[in-house]
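Asker: My questions are about this predicted structure, shown below with the sequence.
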2 protein chains.
Amino acid sequence: MTPPQRNPEDRPVAALLAPDIVALLVESPADIAAETEEIHPADLADVADALDRDQLQKFLAALGASRAADVLEYMDEEVRTEFLEGITPRQAAELVTQMTPDDRADALEEIDEEHVEEILSEIPKEARQETERLLSYEPDTAGGLMTTEFVSVSADATVEKTLELVRAVARSGRKEAMYAIYTTDENGRVVGVISLRELLAAPTGAKIGDMAWSEVQSVRSSADREEVATVIADYDLVAVPVVSESGHMLGVITVDDVIDAIQEEQTEDVQKFGGMEALDEPYMQIGLVAMIKKRAGWLSVLLISEMLTTTAMQHFDIELQKVAVLALFVPLVMSSGGNSGSQATSLVTRAMALQEIELKDWWRVAARELPSGLSLGAILGVIGVIRISVWQQMKVHYPSFPVGYDYNLCRIPATSGACPAAQIIPHSWMLVALTVGLSLVGIVTFGSLAGSMLPFVLRRLGFDPASASAPFVATLVDVTGLSIYFLVALIVLHGTLL
Amino acid sequence: MTPPQRNPEDRPVAALLAPDIVALLVESPADIAAETEEIHPADLADVADALDRDQLQKFLAALGASRAADVLEYMDEEVRTEFLEGITPRQAAELVTQMTPDDRADALEEIDEEHVEEILSEIPKEARQETERLLSYEPDTAGGLMTTEFVSVSADATVEKTLELVRAVARSGRKEAMYAIYTTDENGRVVGVISLRELLAAPTGAKIGDMAWSEVQSVRSSADREEVATVIADYDLVAVPVVSESGHMLGVITVDDVIDAIQEEQTEDVQKFGGMEALDEPYMQIGLVAMIKKRAGWLSVLLISEMLTTTAMQHFDIELQKVAVLALFVPLVMSSGGNSGSQATSLVTRAMALQEIELKDWWRVAARELPSGLSLGAILGVIGVIRISVWQQMKVHYPSFPVGYDYNLCRIPATSGACPAAQIIPHSWMLVALTVGLSLVGIVTFGSLAGSMLPFVLRRLGFDPASASAPFVATLVDVTGLSIYFLVALIVLHGTLL
């Protein structure tokens, strides 16, 4: 027997399961629990996502409350929300009560407030209060990610007693986080941590307080999920405790929730960097209208900002008419600024997300980007000058062009594209090449600086630095880039035509 | 006592530790092991990163081989590599032998081949062969991430016997992955899995085979790290077994290594999307020259590709001279194509990374992007038309412009910017607005389609779809966008000036 392989080409077990389960729902719902016992709830959730409300309700009932809660946890958020809003509050309450406190809060978070109130009123008091407390945290913070069920013991407990407690918790079927066990003092403050593995290795008679680590990595309940991810990743933890300002232990965040949070955060960051609002739903599942809403806003804002380029072009209209050749290189120089800005922004937003740099590091970043930008600009400038020189020397002509067209300046506006030989300013193509080359140095330097500073500015203003998208930076740099280009032209071509 | 808080503002314990440890190294190295016993190796690694080679060697020796191996694991890759290359092969071998097989392979991966051979020859035979086997896998695949030390038992073993085995393994100080225990058949194929938590909850007399899950999520050794991350995230696993083509269990990947892999992959993807090679080093640590090398390549390629815009502009030079007003909107229409392309690319590359879409889904994506692009283009087109109409009606003039300048076409080239009243074509600004509006529809649609298809094309050609960067897409769309713009102008303005 070959173990089940996960291969993107032959997707989930669930696709195979679905027809069987639908058949069972009709024929003998009582067998469903036993038949699906060995199947991971994530796979059952894929089946559940595809059922209609009645089928789903029957299916969850057949699974039994505890297993149904597992399946609900893994279901598509939207399908689950719609389902929980569609059944009676009492039915919904029965289902969510079985979920772990953090998953319950996550499930209720999505439901509209009115329904939540009704469902909460049907939940046993203790669980209700706990859920309300969890719902009071921002979903993207440590408080919003944590579960309140964990194993903690007094530092005086023996290893054997602690292990017994852990086994009792495991047997109870409750879903406490238990791969890390915390010792707390009489005030509920964390004073130590021991992993389950270390507990199993510890001599049985020893006191937990002597075996536990006294340096406990923890996060505040208000910590951003990126910070939680950094702590978990840096210290290779299976769970991290969440503490209040005064050091009281409020809950723990387990590594599986952190992975989900990292994936979600990264999806949001990538989409924002692409120049749109985060979709908050898988690409293939979101509705067309919803997707257009998420995309149209930024596109419109960027279009409107980009209209400043038209203003800038109009501002230099006379120069453009006198030296028509300048227009040819507008897209080239502009895009180089956007590209270098996009590089700098991606570097800085990512380093911020990984907590490698803080707000106060802005000048260190600027001090790196200035020489980088100058060097990169110089490289591009040389390439630009070479391109113009080669084309000029090779007299690269296009079929639609009258013979004699080149990058030299013409003393009169050449309406047919050709400049009468007597009006050509000899060797003036070199000035054009110089204009493009110097502009590239200026624009790439400005692009690198602007792109690297934008995330700092956004963070300083209280926005998400990840909103500094590639198109945002490009637009920002386009307008300035155009102005740099024309100013360089005015200086270099001064005394010839301008 | 408040537990240690992790707060980005008051960085690591390590910064405080460093002077103490340096002092201890001089005064009483023998105390170092005891003094640092409670400190997480990640924090000691931060200290170690800052020491010079002699100090570091002394420090690691003082810690003892096993603890030194832990510290090495967490150290900065470059510092560690330089250190291991700098000491004798025998010394290096002693240190790396204590590391877990996967960390040992990771450490040796970075070292130059000659040194690796010498170090390997000093490692005990069994460990050497294992390391050589691990080194043979690509670092970014499941094989490159896995460790070969895990706990597996026969399905016939009892729960109690298995638990004893687990405790023995934990006590041995070896670092086997043990939060998931696997049952294998006589041929070494995985047939079941039980988590440590489930093992602790299981009735003591039961057979492991009856308690374990028979559906085992596993990955092939050649699986990409993104696929590993998806399996771990979808099923909330603490470890995933790696199997050969024939289903033999080769090793396991633990969740902490997956988190590191996810973070690393994401950093690479963000940097690539920003239009550069992945840095492979933290932004604040990489040298200026190394960073410029990573950035200059793509910038130059993009600049050279963008030169096609110059060609396109030259191609339409006559039109530009006849209808100078067209030049004003070039940056505007071009950038909208790049922006919509960037959105589509970020959506598709991310969905690919999350394994939400596969190569074969290309037409489903195209079928979504076509209507999205048309709708977004229509929205932007309307905004563009409104902008031109409003400016025209309000006669927005700029100080540098002669009175009378507007978006109407002029029958003669107006060299001074002003068009003699008799030469103005009445109401022709509407044609200009129509040109811009229709171009935006065409360009945004094309941008969305091109941006969404590029990752598919790259993957099909064997490249990383994440190389489809925002600047790459923008450049691709710029050239086509310009051509669309001028073609629309030729059609709309046909019979007036063109």
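Answerer: Yep, that arrived.

Asker: hang on, residue A:361 packs against residue B:284?
Answerer: Yes - if you go by C-beta atoms under 8 Å, residue A:361 and residue B:284 touch, sitting 7.4 Å apart. Glycine gets a C-beta too; all of them are placed from N, C-alpha and C.

Asker: Please say which of those two ends up with more neighbours.
Answerer: A count of neighbours by other C-beta atoms under 10 Å in any protein chain shown puts residue A:361 above the other of residue A:361 and residue B:284, at 18 against 13.

Asker: Regarding residue A:190, what is its secondary structure?
Answerer: strand (DSSP: H, G, I helix; E, B strand; the rest coil).

Asker: who's it bridged to?
Answerer: residue A:184 (DSSP bridges).

Asker: burial of it, as a residue count?
Answerer: Neighbours of residue A:190 (other C-beta under 10 Å): 25.

Asker: Also residue A:124?
Answerer: Around residue A:124 there are 10 residues (other C-beta under 10 Å).

Asker: And residue A:27, by the same measure?
Answerer: Based on other C-beta under 10 Å, the number of other residues close to residue A:27 is 9.

Asker: now residue A:289
Answerer: By other C-beta under 10 Å, neighbour count at residue A:289 equals 10.

Asker: Please confirm that it is located within a helix.
Answerer: Yes - counting by three-state DSSP, one finds residue A:289 located in a helix.

Asker: And the strands in the stretch 101-250 of chain A?
Answerer: Applying DSSP state E, counting those that start in this stretch to the stretch 101-250 of chain A gives strands spanning A:150-154, A:177-184, A:190-195, A:219-220, A:239-243, A:249-254.

Asker: Take those and lay them out in a markdown table including distance to residue B:180.
Answerer: Output for the strands of the stretch 101-250 of chain A, formatted as a markdown table (distance: least, C-beta to C-beta, whole Å):
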| stretch | distance to residue B:180 |
| --- | --- |
| strand A:150-154 | 19 |
| strand A:177-184 | 11 |
| strand A:190-195 | 15 |
| strand A:219-220 | 26 |
| strand A:239-243 | 16 |
| strand A:249-254 | 15 |
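
Asker: Nearest to residue A:445 among those would be which one?
Answerer: strand A:219-220 (39.2 Å; C-beta to C-beta).

Asker: And the closest one, how far out from the chain middle?
Answerer: 21 Å (C-alpha atoms, centre = their mean, to the nearest Å).

Asker: which helices and strands does it pack with?
Answerer: helix A:225-235, strand A:239-243 (3 or more C-beta pairs under 8 Å, 6 or more residues apart in numbering or on different chains; DSSP states H and E).

Asker: Give me the distance from the last one to the chain's centre.
Answerer: Offset of strand A:239-243 from its chain centre (C-alpha atoms, centre = their mean): 23 Å.

Asker: What angle do helix A:225-235 and that strand make with each other?
Answerer: 130 degrees (axes from the mean of the first three to the mean of the last three C-alpha atoms, to 10 degrees).

Asker: could you point out which element follows the worst-scoring helix or strand of chain A on mean pLDDT?
Answerer: Lowest on mean pLDDT, DSSP states H and E among the helices and strands of chain A sits helix A:13-27, with a mean of 74. Following helix A:13-27 in sequence order, the next helix or strand is helix A:32-35 (DSSP states H and E).

Asker: wait, does that next one contact chain B?
Answerer: No - taking C-beta under 8 Å from any C-beta of the partner chain as the criterion, helix A:32-35 and chain B are apart, separated by no less than 12.8 Å.

Asker: what's the average pLDDT for the helix or strand that that helix is followed by?
Answerer: Heading C-terminal from helix A:32-35, the first helix or strand you meet, by DSSP H and E, is helix A:41-49. For helix A:41-49, mean pLDDT is 88.

Asker: contacts for helix A:41-49?
Answerer: A:12-15, A:17-18, A:21, A:36, A:56, A:59-60, A:63, A:67, A:70-76, A:79, B:215, B:234-236 (C-beta atoms under 8 Å, 6 or more residues apart in numbering or on different chains).

Asker: Can you turn the buried part of those residues into a PyMOL selection?
Answerer: Entered in PyMOL, the line below selects the buried ones among these, by 16 or more other C-beta atoms under 10 Å in any protein chain shown:
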select buried, (chain A and resi 13+14+17+18+21+36+56+59+60+63+67+70+71+72+73+74+75+76+79) or (chain B and resi 234+235+236)
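
Asker: Stretch A:212-229: end-to-end distance?
Answerer: End-to-end distance for stretch A:212-229, by C-alpha to C-alpha, to the nearest Å: 23 Å.

Asker: buried residues in it?
Answerer: A:212-214, A:216-221, A:223-229.

Asker: now do stretch A:149-156
Answerer: Buried, per 16+ other C-beta under 10 Å, within stretch A:149-156: A:149, A:150, A:151, A:152, A:153, A:155.

Asker: out of these, who's nearest residue B:189?
Answerer: Of these, the one sitting nearest to residue B:189 (C-beta to C-beta) turns out to be residue A:151, at 34.7 Å.

Asker: Of all the strands of the stretch 101-250 of chain A, which one comes closest to residue A:446?
Answerer: strand A:219-220 (38.6 Å).

Asker: Give me the mean pLDDT for that closest one.
Answerer: Mean predicted lDDT for strand A:219-220 stands at 94.

Asker: Parallel or antiparallel, list what pairs with that strand.
Answerer: Here, using DSSP bridges, strand A:219-220 pairs with strand A:239-243 (parallel).

Asker: Dump the strand it pairs with to CSV, keeping only the CA atoms.
Answerer: C-alpha atoms of strand A:239-243 as CSV (Å, rounded to 0.1, in the frame of the first residue of the first chain):
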residue,chain,number,x,y,z
ALA,A,239,3.7,28.1,21.2
VAL,A,240,4.3,31.6,22.6
PRO,A,241,2.5,32.9,25.7
VAL,A,242,0.5,36.2,25.5
VAL,A,243,0.9,38.4,28.6
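
Asker: Next, the angle from that strand to strand A:249-254.
Answerer: 150 degrees.

Asker: what's next to strand A:239-243, contact-wise?
Answerer: With C-beta under 8 Å, 6+ apart, strand A:239-243 has contacts from A:142-143, A:146, A:150, A:177, A:179-180, A:182, A:189-190, A:193, A:216-221, A:223, A:228, A:231-232, A:249-255, A:258, B:3, B:5.

Asker: Skipping adjacent residues, who's closest to residue A:134 in space?
Answerer: In space, and not counting its chain neighbours, residue A:134 is closest to residue A:105: 3.8 Å by C-beta to C-beta, 6 or more residues apart in numbering or on different chains.

Asker: How about the contacts made by residue A:331?
Answerer: Residue A:331 neighbours (C-beta under 8 Å, 6+ apart): B:306, B:309, B:310, B:313, B:330, B:331, B:334, B:478, B:482.

Asker: Which of the three states applies to the last one?
Answerer: Residue B:482 falls in the helix class when you classify it by three-state DSSP.

Asker: Assign a three-state SS to the residue nearest to it when sequence neighbours are not counted, would you?
Answerer: Among residues not flanking residue B:482 along the chain, residue B:312 sits closest, at 4.5 Å (C-beta to C-beta, 6+ apart). Assigned with three-state DSSP, residue B:312 falls in the helix class.

Asker: Report the separation between the residue located most distally from the centre of chain A and residue A:411.
Answerer: Of all residues in chain A, residue A:422 sits farthest from the chain's C-alpha centroid, using C-alpha atoms, centre = their mean; the distance is 60.3 Å. Residue A:422 sits at a distance of 8 Å from residue A:411 (criterion: C-beta to C-beta, to the nearest Å).

Asker: ranges for the helices of the stretch 1-150 of chain A?
Answerer: A:13-27, A:32-35, A:41-49, A:53-63, A:65-74, A:77-86, A:89-97, A:101-110, A:113-121, A:125-135, A:142-145 (DSSP state H, counting those that start in this stretch).
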